[in-house]
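J.: Any chance you could fold what I've pasted below:
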Amino acid sequence: MADTTPTTAPFVRPDVQGFLAFMNSAGAAPMSSLTPELARQAYLAMGSLAEADPLPLAVIRDLTIPGPAGSIPVRFYDLREAREAGPAVVFFHGGGFVIGDLDTHHAFCTEMAAGLDLPVIAVDYRLAPEHPFPAAPDDCEAAARWVASSPAELGRTINGLILTGDSAGGNLAIVTTQALVEKPAAAPVILQAPLYPVTDDRPDHASFAQFSDGYLLTADTMMWFSAGYSATPGDVRAYPVYNDHALTPPTVLVTAGLDPIRDSGRVYGAELIRAGIPVTFIEVPGIIHGFVQLRKAIPSAQDVVVGIFAAIKQQLERI
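T.: Residues are numbered from 1 along each chain as shown. Below you'll find the model as predicted:
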């Protein structure tokens, strides 16, 4: 088979180029060489430098909810103090199933609550390697079912769920959607919006080779995440591209042009289209993995985020 790896340099946005030049010259230790705890601290510190400031909202409240192995912390966001019955967003943070928490994605969740004008519930699921697969999908499913039940703690009547997340969180949004399609919750999933998700365990995607180093997320880091997560190869709760997609709800799927897992998102989108699912596919050219958390360092990412919210609203109008 002929080598299909591109031979020309990819397009890189000027602000992305500047950010990558800074990061690649910083001399920081590779994440794969750190302990999970140090990696988590480094991830949070990067966000404090590179992410936009959080927006003020009427409601920002930390809660704990019941989970399969104890309490799950969640954070509830809403632009409004009160609202009529309607859908709610459940957000799962990224970080390779190993890093990330409510604080690393706090600013983006405020942006989402304001931009969509919907309640947002962010989920702090258990992390690997302390809690390997399937701890994360177990917690995410439990949290989504809790939101769907219109719990008194939210003071909202929820009649539909929008499941979303970035990177590993995009994977968890898809996996949780599948679980709630197979065994419905009190309110249905009306839309899923995975952002640059990992969906399969194939090692031969062209993007994984092309962007293996120098584009923030590296192949070494991806392998470190995978080793920590310890998922069963081919398991549809870890790699949802292998599942049956016939009953998947409408989807807004986002990939990043300079992302090693770009093609993992592409193949998932192709499977949805083959299954006849309404899909809005957005591949953002010249931008790197993790851009929704880098809007201060990469100003053009803000317009991309606004466009993603517009696509979600458009899909909701069609339901």
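J.: The stretch 151-300 of the chain: helices as residue ranges?
T.: Using DSSP state H, counting those that start in this stretch, the helices assigned to the stretch 151-300 of the chain run over residues 168-182, 206-210, 219-229, 262-274, 300-318.
J.: CA atoms only: put the longest one into PDB for me.
T.: This file holds the C-alpha atoms of helix 300-318, laid out as PDB (Å, rounded to 0.1, in the frame of the first residue of the first chain):
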ATOM      1  CA  SER A 300      -8.800  32.700  17.100                       C
ATOM      2  CA  ALA A 301     -10.100  29.800  19.100                       C
ATOM      3  CA  GLN A 302     -12.800  32.000  20.600                       C
ATOM      4  CA  ASP A 303     -14.500  32.500  17.200                       C
ATOM      5  CA  VAL A 304     -14.300  28.700  16.700                       C
ATOM      6  CA  VAL A 305     -16.100  28.100  20.000                       C
ATOM      7  CA  VAL A 306     -18.800  30.600  19.100                       C
ATOM      8  CA  GLY A 307     -19.300  28.700  15.800                       C
ATOM      9  CA  ILE A 308     -19.600  25.400  17.700                       C
ATOM     10  CA  PHE A 309     -22.300  26.800  19.900                       C
ATOM     11  CA  ALA A 310     -24.100  28.100  16.800                       C
ATOM     12  CA  ALA A 311     -24.000  24.600  15.300                       C
ATOM     13  CA  ILE A 312     -25.400  23.100  18.500                       C
ATOM     14  CA  LYS A 313     -28.200  25.600  18.500                       C
ATOM     15  CA  GLN A 314     -28.900  24.900  14.800                       C
ATOM     16  CA  GLN A 315     -29.200  21.100  15.500                       C
ATOM     17  CA  LEU A 316     -31.500  21.700  18.500                       C
ATOM     18  CA  GLU A 317     -33.800  23.800  16.300                       C
ATOM     19  CA  ARG A 318     -34.200  20.800  14.000                       C
END
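J.: Show me which residues of it are buried.
T.: Residues 301-302, 304-305, 308-309, 311-312, 315-316 are the ones in helix 300-318 that count as buried (16 or more other CB atoms under 10 Å). (C-beta placed from N, C-alpha, C; glycine too.)
J.: Go through the residues you listed and name the one nearest residue 65.
T.: Using CB to CB, residue 312 comes nearest to residue 65 of these, at 24.2 Å.
J.: Surely that closest one touches residue 162?
T.: Yes: counting by CB atoms under 8 Å, residue 312 touches residue 162, with 7.1 Å between them.
J.: how long is stretch 100-110 from one end to the other?
T.: Stretch 100-110 has an end-to-end distance of 16 Å (criterion: CA to CA, to the nearest Å).
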